[in-house]
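*Asks:* Coordinates for the following, if possible.
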Amino acid sequence: MRTLLFILCALWASIVQAEGLFVIVSTLVPDSSISTAQLANIYSLKKNAWSDDASIVPINREASSQERDKFTEAVFHLSTRELAEYLDRLRFQGKLPPVVQTSDQAVIAFVRNVPGAIGYINAEHVPEGVKVLIKIP
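*Replies:* Sure thing, here's the model as predicted:
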């Protein structure tokens with residue numbers, strides 16, 4: 001049984017890796033693309049407004065998720081733990097870290113309903129009601 005569970009987890013991890021991630025935003029966000037450097041500035045809380053001066057609301061997946069590991073490695077070239085330590089230091093400066101959602105569906109719903117929100121999801125298909133700014137391989 002454990003072997004089967006391990007195999008299924010390994011297969012799921014390979015699917016997540018093969019698909020990549022979409023970085024999504026509300027359809028109201030005026031920007032149509034984004035670089036990984038800009039993503040790093042948003043998720044490290046250095047950039048907090050879109051091109052129309054609307055506030056940016058970054059969304060992370062939970063620290064234990066494969067999506068967050070993939071995003072953190074691709075954007076920051078850090079481990080999830082190293083980024084968490086950085087965000088903890090910002091917390092001591094009075095800055096709130098990105099909001100955490102626990103599934104792709106939760107990220108999509110948040111992005112659809114919160115102006116200025118940005119998040120990342122598995123790149124299986126583009127959901128309705130959001131805009132894709134970049135695909136992270």
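*Asks:* Spell out for me which residue occupies the centre of the protein.
*Replies:* The centroid of the chain falls nearest to residue 120 when counting by CA atoms, centre = their mean (3.4 Å).
*Asks:* And the helix or strand where that one lies, what does it pack against?
*Replies:* Using DSSP states H and E, residue 120 sits in strand 117-122. Judged by 3 or more CB pairs under 8 Å, 6 or more residues apart in numbering; DSSP states H and E, strand 117-122 is in contact with strand 21-26, strand 57-61, helix 66-76, helix 104-113. Backbone N, C-alpha and C define where each C-beta goes, glycine included.
*Asks:* Mind doing that once more with 10 Å?
*Replies:* Counting contacts by 3 or more CB pairs under 10 Å, 6 or more residues apart in numbering; DSSP states H and E, strand 117-122 is packed against helix 2-19, strand 21-26, helix 36-43, strand 57-61, helix 66-76, strand 99-101, helix 104-113, strand 130-136.
*Asks:* which parts of stretch 60-70 are buried?
*Replies:* Buried residues in stretch 60-70, counted by 16 or more other CB atoms under 10 Å: 60, 61, 65, 66, 67, 68, 69, 70.
*Asks:* so how far is it from its chain's centroid?
*Replies:* Distance, stretch centre to chain centre, for stretch 60-70: 8 Å (CA atoms, centre = their mean, to the nearest Å).
*Asks:* One more: stretch 64-79?
*Replies:* Worked out by CA atoms, centre = their mean, stretch 64-79 lies 9 Å from the chain centre.
*Asks:* any idea of the mean pLDDT for it?
*Replies:* Per-residue pLDDT over stretch 64-79 has a mean of 92.
*Asks:* Show me which parts of stretch 88-104 are buried, residue by residue.
*Replies:* 97, 98, 101, 104.
*Asks:* Which residues are in contact with the last one?
*Replies:* Spelled out, that is residue 104. Residues in contact with residue 104 (CB atoms under 10 Å, 6 or more residues apart in numbering) are 21, 22, 24, 61, 65, 67, 119, 120, 121, 122, 124, 127.
*Asks:* Am I right that the first one is in contact with residue 137?
*Replies:* Yes: between residue 21 and residue 137 there is a contact at 8.5 Å, judged by CB atoms under 10 Å.
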